[in-house]
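# Provide a 3D model corresponding to the input given below.
(chains A and B)
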There are 2 protein chains.
Amino acid sequence: MAALGVTGPLPDPEAVGIVGIVGAGTIGASWTAWFLARGCRVLAYDIAPGFFDRLREHVKATWPALQRTGVATIEVDCALKRLAEAGTIEAAVRDADVVQESAPERLDLKRDILAEIDANLSPNRIVASSTSGFGVSQLQSSMRHPQRLVIGHPFNPPHLIPLVEVVGGGLTSEDAIQWALKFYVAIGKKPIRVRKEIPGHLANRLQAALWREAVYLVAEDIASVADVDAAIAFGPGLRWAIMGPHLVAALAGGANGMTHYLDHLGGVVEEWWGDLGTPHLTDQVRTKLIAGAAEEIMGRSMAELTQRRDDLLIGILSLLEQRRF
Amino acid sequence: MAALGVTGPLPDPEAVGIVGIVGAGTIGASWTAWFLARGCRVLAYDIAPGFFDRLREHVKATWPALQRTGVATIEVDCALKRLAEAGTIEAAVRDADVVQESAPERLDLKRDILAEIDANLSPNRIVASSTSGFGVSQLQSSMRHPQRLVIGHPFNPPHLIPLVEVVGGGLTSEDAIQWALKFYVAIGKKPIRVRKEIPGHLANRLQAALWREAVYLVAEDIASVADVDAAIAFGPGLRWAIMGPHLVAALAGGANGMTHYLDHLGGVVEEWWGDLGTPHLTDQVRTKLIAGAAEEIMGRSMAELTQRRDDLLIGILSLLEQRRF
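Residues are numbered from 1 along each chain as shown, chains lettered A, B, ... in the order given. Okay, here's the model as predicted:
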């Protein structure tokens, strides 16, 4: 088991001072803003020329949202003093207490970058990859210390959505997973543990499951794109901001909760399961989706809709801050 | 086509004065509270002895929530003066401008009740059934005026959730469907049109699709019940309170919306679709769900959780009142 352990004592996950950011695109930049808001110093590296100016602008742009949700309690100018540009991966990770990697989703590229992080980072430091598309086992094979690699997958937009999915691979140490879970809690995220590697982790799978039926209902002309969307956002979607589908089912069971639900509604639900659709994104279905979305959007720009969504998200997050489910 | 038309001029859907309620259990009682809050008079019938006292208590209990969401603008004592007990179905529907039927989900019972409503209600009045489990065509075969029957299916808890699914059957007049859609808008609900009869209408199917994958993830020991729930409620669930899955996809596509999303992520999503699970509610799965839910609930009562959920729902609904998606 020694080979699976992380070498040497790990830093205190609740007192991380310096975060190394490797890959400072949209995801890496959102992570940077979050870490700065929580009082960490950030050393950031990206291969793209001029990335650092864009990174600073991204942090400034997201700061009001981080303040409104209570994540940031200091001014952005003060926070930006804790952000430094690293000219190399080595410089970004050498002094880091943890590294968050958010390089583009290309397997060869990620492997090379993780190997370089690995070679320059003290072995008793954890590396978290933001990957949505790869499994840890695919990524860690090129590392000399694969035991310290976990996935720490955020959800878009990462400066607003609390969820972080933590996954270990075949070579990942349990200590590394536990450390990552504690670290993300300490910086105010909501980490969950994915116990086995699986395509899409949890949230993207669940989202895909919902969208599959949503696509089916449009493909079969059962309802318009806008009406399917309204069926969620004016119906069960309102509850899913508060609690997940299992607790929804348990509450639907009344005083005897999940047991009652399964006894009395399990059969009906299994019938619905048997009737759910398995559509494919054929040209015909694509055409319906694109036309239906255009009808729903009614000429508004995506930027306007995104801004409105984020405003409402901030409101909901502020409201839910004290929830305990 | 005359046989499919509604006989005679329909009342103004935006000026309904009297609603007949047949079946005053939880759903019928919630409808009653909503109609009263919107200024209608309600004539209510239920076969259960003593139902009227319970109905009045239900209205009183839900009133604070209706006031906080802005649906009710008058005091409950004033509203209750507009609520009258009907001793028979005939008395409940004879003078009604519309009838909302919410009898127990038994086909023979519903058919008998709808036939009796039909026989006593002016032919140019619409009948809406709250059924979740039956199709309109199954219900309307025993009616002399089947063209005026629609499904108007609310979502639990109906005094909070705006969604109403409107479905017509093979014998339903298009005029009846259009009338129902306008009526529900006029009383402050969010009706959507389900163009074909399908088990579960829309929202319950979509909900079942999400729960199926949520059950699979627990059945395969990929994550705990609580972590699957958190994956939704701290992740995509926050967005689904604001917008449905199609608009979420379109926004993920950036400036080029749904087209870009389908071009760049359609393939990945289809791969996830192919990997989604098809669990069954076996004894082993039931045991995991029940144990996992108990762990998540941590000894709190369902009443306490329901109260907390409703408080948060009211907050979210108030926040979203001005949304336009």
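# under the pLDDT cut-off, which ranges of chain A? List them.
Within chain A, the stretches falling below the threshold (pLDDT under 70) are A:1-4, A:322, A:324-325.
# any idea how far A:E116 is from A:G23?
Taking Cβ to Cβ, to the nearest Å as the measure, A:E116 falls 12 Å from A:G23. To be clear about C-beta, it is placed using only N, CA and C from the backbone, and glycine gets the same treatment.
# neighbour count: the two, which is higher?
Here A:E116 and A:G23 are compared on neighbour count by other Cβ atoms under 10 Å in any protein chain shown; more neighbours surround A:G23, at 27 against 17.
# correct me, but the more buried one touches A:L55?
No - with contacts counted by Cβ atoms under 8 Å, A:G23 stays clear of A:L55, the gap being 10.8 Å.
# now list whatever residues contact both of those two.
A:D46 (Cβ atoms under 8 Å, 6 or more residues apart in numbering or on different chains).
# got the residue ranges for the helices in the stretch 1-150 of chain A?
Counting by DSSP state H, counting those that start in this stretch, one finds helices in the stretch 1-150 of chain A at the ranges A:26-37, A:51-68, A:76-80, A:89-93, A:107-120, A:136-140.
# nearest to chain B, of the ones you listed?
Smallest distance to chain B across the helices of the stretch 1-150 of chain A (Cβ to the nearest Cβ): 10.3 Å, for helix A:26-37.
# would the closest one count as contacting chain B?
No - between helix A:26-37 and chain B, judged by Cβ under 8 Å from any Cβ of the partner chain, nothing touches; the nearest distance is 10.3 Å.
# show the backbone phi and psi for A:K81.
Reported as degrees, to the nearest 10, the phi and psi values for A:K81 are phi -70, psi -20.
# and it, how many neighbours does it have?
9.
# what's the separation between it and chain B?
When Cβ to the nearest Cβ, to the nearest Å is applied, the distance between A:K81 and chain B equals 31 Å.
# kindly report the same for A:Y45.
With distances defined as Cβ to the nearest Cβ, the gap from A:Y45 to chain B amounts to 25 Å.
# what's the nearest residue to that residue if we skip its chain neighbours?
Nearest-residue entry for A:Y45: A:A92, 3.7 Å, with adjacent residues in sequence omitted and distances by Cβ to Cβ, 6 or more residues apart in numbering or on different chains.
# can you check A:S318 too?
A:T69 (6.1 Å).
# that neighbour contacts A:I161, correct?
No - applying Cβ under 8 Å as the test, A:T69 and A:I161 come out as separate, 10.5 Å apart.
# my guess is A:L114 contacts A:H145. True?
No - using Cβ under 8 Å as the test, A:L114 is too far from A:H145 to be in contact (10.3 Å).
# quick one: which of these two has more around it?
The neighbour count for A:L114 versus A:H145, taken as other Cβ under 10 Å, is higher for A:L114 (25 against 21).
# what residues are up against the more buried one?
With contacts defined as Cβ under 8 Å, 6+ apart, the neighbours of A:L114 are A:E101, A:V127, A:S129, A:L139, A:Q140, A:S142, A:M143, A:L149.
# mind running it again at 7 Å?
A:E101, A:V127, A:S129, A:L139, A:S142, A:M143, A:L149 (Cβ atoms under 7 Å, 6 or more residues apart in numbering or on different chains).
# how about the contacts made by the residue in the stretch 1-150 of chain A that chain B sits nearest to?
With distances taken as Cβ to the nearest Cβ, the stretch 1-150 of chain A approaches chain B most closely at A:G133, which sits 7.0 Å away. Shown in contact with A:G133 (Cβ under 7 Å, 6+ apart): A:E105, B:V268.
# if you set the cut-off to 10 Å instead, what comes out?
The neighbours of A:G133, taking Cβ atoms under 10 Å, 6 or more residues apart in numbering or on different chains as the test, are A:E105, A:R106, A:L107, A:K110, A:H153, A:P199, A:G200, A:H201, A:N204, B:V268, B:E271.
# the second one contacts A:F134, correct?
Right, A:R106. Yes - with contact defined as Cβ atoms under 10 Å, A:R106 counts as touching A:F134 (9.4 Å).
# more neighbours: which of those two?
Neighbour count, other Cβ under 10 Å: between A:R106 and A:F134, A:F134 has more, with 18 against 12.
# between the contacts of A:G133, which is nearest A:I290?
Of all those, the one sitting nearest A:I290 is B:V268; the distance, using Cβ to Cβ, is 18.0 Å.
# in contact with the closest one, which residues?
A:E105, A:S132, A:G133, A:P199, A:G200, A:N204, A:A208.
# and the closest residue to A:L36 other than its chain neighbours, how far from B:I290?
Distance criterion Cβ to Cβ, 6+ apart; nearest residue to A:L36, sequence neighbours excluded, is A:A79 at 4.3 Å. Applying Cβ to Cβ, the value for A:A79 to B:I290 is 46 Å.
# those two - which one has more neighbours?
A:A79 (25 against 17).
# contacting residues around that one?
Applying Cβ under 10 Å, 6+ apart, the residues contacting A:A79 are A:32-33, A:35-42, A:59-60, A:63, A:66, A:72-73.
# so A:V166 sits right up against A:V194, yeah?
Yes - look at A:V166 against A:V194 with Cβ under 10 Å: they come within range, at 6.7 Å.
# joint contacts of these two?
A:I151, A:H153, A:I177, A:H201, B:D227.
# who's the second one bridged to?
It refers to A:H153. In this structure, A:H153 has the following beta-bridge partners (DSSP bridges): A:E165.
# tell me how many other residues crowd A:K60.
Using other Cβ under 10 Å, A:K60 is surrounded by 14 other residues.
# return the residues in contact with the residue nearest to it when sequence neighbours are not counted.
Of all residues not flanking A:K60 in the chain, A:V76 sits nearest, at 5.5 Å (Cβ to Cβ, 6+ apart). The neighbourhood of A:V76, defined by Cβ under 10 Å, 6+ apart, consists of A:A33, A:L36, A:A37, A:R56, A:V59, A:K60, A:A61, A:T62, A:W63, A:P64, A:L66, A:Q67.
# are any of these buried, and which?
Neighbour counting by 16 or more other Cβ atoms under 10 Å in any protein chain shown classes A:A33, A:L36, A:A37, A:R56, A:V59, A:T62, A:W63, A:L66, A:Q67 among those as buried.
# of the residues you listed, closest to B:G257?
Nearest to B:G257 among the buried ones among the contacts of A:V76, with distances taken as Cβ to Cβ, is A:T62, at 22.4 Å.
# I'd say the closest one and A:I314 touch.
No - shown here, A:T62 and A:I314 do not form a contact pair, counting by Cβ under 10 Å, at 11.0 Å.
# pull up the overlap in contacts between those two.
A:L160.
# including distance to A:L10, could the shared contacts of A:V166 and A:V194 go into a markdown table?
Conversion of the shared contacts of A:V166 and A:V194 to a markdown table gives the following (distance: Cβ to Cβ, whole Å):
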| residue | distance to A:L10 |
| --- | --- |
| A:I151 | 18 |
| A:H153 | 21 |
| A:I177 | 12 |
| A:H201 | 24 |
| B:D227 | 23 |
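# export those to JSON lines and append columns for neighbour count, secondary structure and distance to B:H246.
Rendered in JSON lines, the data for these read as follows (neighbours: other Cβ atoms under 10 Å in any protein chain shown; DSSP: H, G, I helix; E, B strand; the rest coil; distance: Cβ to Cβ, whole Å):
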{"residue": "A:I151", "neighbour count": "26", "secondary structure": "strand", "distance to B:H246": "28"}
{"residue": "A:H153", "neighbour count": "26", "secondary structure": "strand", "distance to B:H246": "23"}
{"residue": "A:I177", "neighbour count": "22", "secondary structure": "helix", "distance to B:H246": "35"}
{"residue": "A:H201", "neighbour count": "26", "secondary structure": "coil", "distance to B:H246": "22"}
{"residue": "B:D227", "neighbour count": "23", "secondary structure": "helix", "distance to B:H246": "27"}
